[in-house]
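Asker: Give me coordinates for this.
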Amino acid sequence: MKTIEKKYTFLTVLTVTAVMISLLVPNSTANAQAENLPVPVIGVVDTDLILQESLAAKGVRLERDKYANQYQTQVKDTEEQLRSEDQELSQQRGVLAPEVFQQRAQAFQQKLADFQTQLQDKQGRLDFAFQQAMQEIGNTIMVVSSEIAKERGINAVMARSQLMIFDPSMDITKPVLDKLNERLGTVVFQNPETLQRQGADGAAASGNLQ
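Answerer: Below you'll find the model as predicted:
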């Protein structure tokens with residue numbers, strides 16, 4: 001029994017030793033691959049700052065606010081009209097025949113529902129136009145960042161929001177912002193009234209809004 005126990009222990013030690021040796025002995029294939037990898041040289045870009053401060057982004061927000069203000073005026077006028085119709089309908093409740101009043105009430109409810117649908121469509125179109133314009137800026141940021149990185153021997157670029165701590169010398173935000181402003185001072189903001197956008201079902205939606 002003791003002989004068996006000693007043999008088992010001896011085999012166990014051999015197994016553990018073999019595992020340790022396999023970890024310590026260099027793997028020529030892995031080392032060769034590692035040697036071929038470039039040393040990381042990282043640049044950091046504050047994309048949030050660029051999307052806030054770039055000339056193109058500021059212009060996009062101005063266009064969005066312009067349409068939003070127009071819509072707000074239209075909404076205010078329509079709301080006042082609907083409120084007036086609602087009050088008039090309430091005053092007619094005791095004058096009109098029940099079936100006539102019911103018909104007018106249903107018609108008013110339909111008008112109210114249509115108004116709410118138009119509001120949602122307007123907002124959806126405006127949001128889509130804004131996203132499309134900002135996407136163009138985002139794509140150009142990628143291109144410009146790549147060019148700046150190449151000029152400075154950087155082989156990896158990360159967004160500032162992905163990092164908690166980094167050396168300030170790694171930050172290339174300013175040169176990226178400057179080059180972006182030179183290349184893309186403005187972005188065409190599509191007219192939300194006439195643009196085509198992909199709906200949730202993948203079909204294009206278009207048309208004039210009242």
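
Asker: Every contact and neighbour count from this point should use C-alpha atoms.
Answerer: Fine.

Asker: What values do phi and psi take at residue 159?
Answerer: Backbone dihedrals for residue 159, given as degrees, to the nearest 10, come out at phi -80, psi 140.

Asker: Apart from its chain neighbours, what residue comes closest to it?
Answerer: Once flanking residues are discounted, residue 159 sits nearest to residue 45: 5.0 Å by CA to CA, 6 or more residues apart in numbering.

Asker: Could you check the pLDDT of the one you found?
Answerer: Per-residue pLDDT puts residue 45 at 96.

Asker: wait, it sits on residue 160?
Answerer: Yes. Counting by CA atoms under 8 Å, residue 160 is a contact partner of residue 45 at 5.5 Å.

Asker: between the two, which one's more packed in?
Answerer: When residue 45 and residue 160 are compared on other CA atoms under 10 Å, the one with more neighbours turns out to be residue 45, at 24 against 18.

Asker: Report the contact partners of that one.
Answerer: By CA atoms under 8 Å, 6 or more residues apart in numbering, the contact set of residue 45 is 145, 157-160, 171-173, 176.

Asker: avg pLDDT for the biggest helix by length in the chain?
Answerer: Using DSSP state H, we find that the single longest helix of the chain is helix 98-151. Over the span of helix 98-151, the pLDDT mean works out to 93.

Asker: Pull out the buried positions in stretch 99-118.
Answerer: 101, 105, 108, 115 (16 or more other CA atoms under 10 Å).

Asker: next one: stretch 135-153
Answerer: Neighbour-count burial for stretch 135-153, with 16+ other CA under 10 Å as criterion, is recorded at 137-138, 140-141, 144-146, 148-149.

Asker: go on, stretch 40-55?
Answerer: Neighbour-count burial for stretch 40-55 flags 42-47, 50-51, 54-55 (criterion: 16+ other CA under 10 Å).

Asker: Closest one to residue 79 out of those residues, please.
Answerer: residue 51 (34.9 Å; CA to CA).

Asker: ok, which stretches of this structure are strands?
Answerer: Ranges of strands within the chain are 42-45, 156-159, 197-198, 204-205, based on DSSP state E.

Asker: For those, which has the smallest mean pLDDT value?
Answerer: strand 204-205 has the lowest average pLDDT among the strands of the chain, namely a mean of 38.

Asker: rewinding a little: from the buried residues of stretch 135-153, which is closest to residue 86?
Answerer: Nearest to residue 86 among the buried residues of stretch 135-153, with distances taken as CA to CA, is residue 137, at 45.8 Å.

Asker: contacting residues around the closest one?
Answerer: Taking CA under 8 Å, 6+ apart, we find residue 137 in contact with 51, 56-57, 184, 187.
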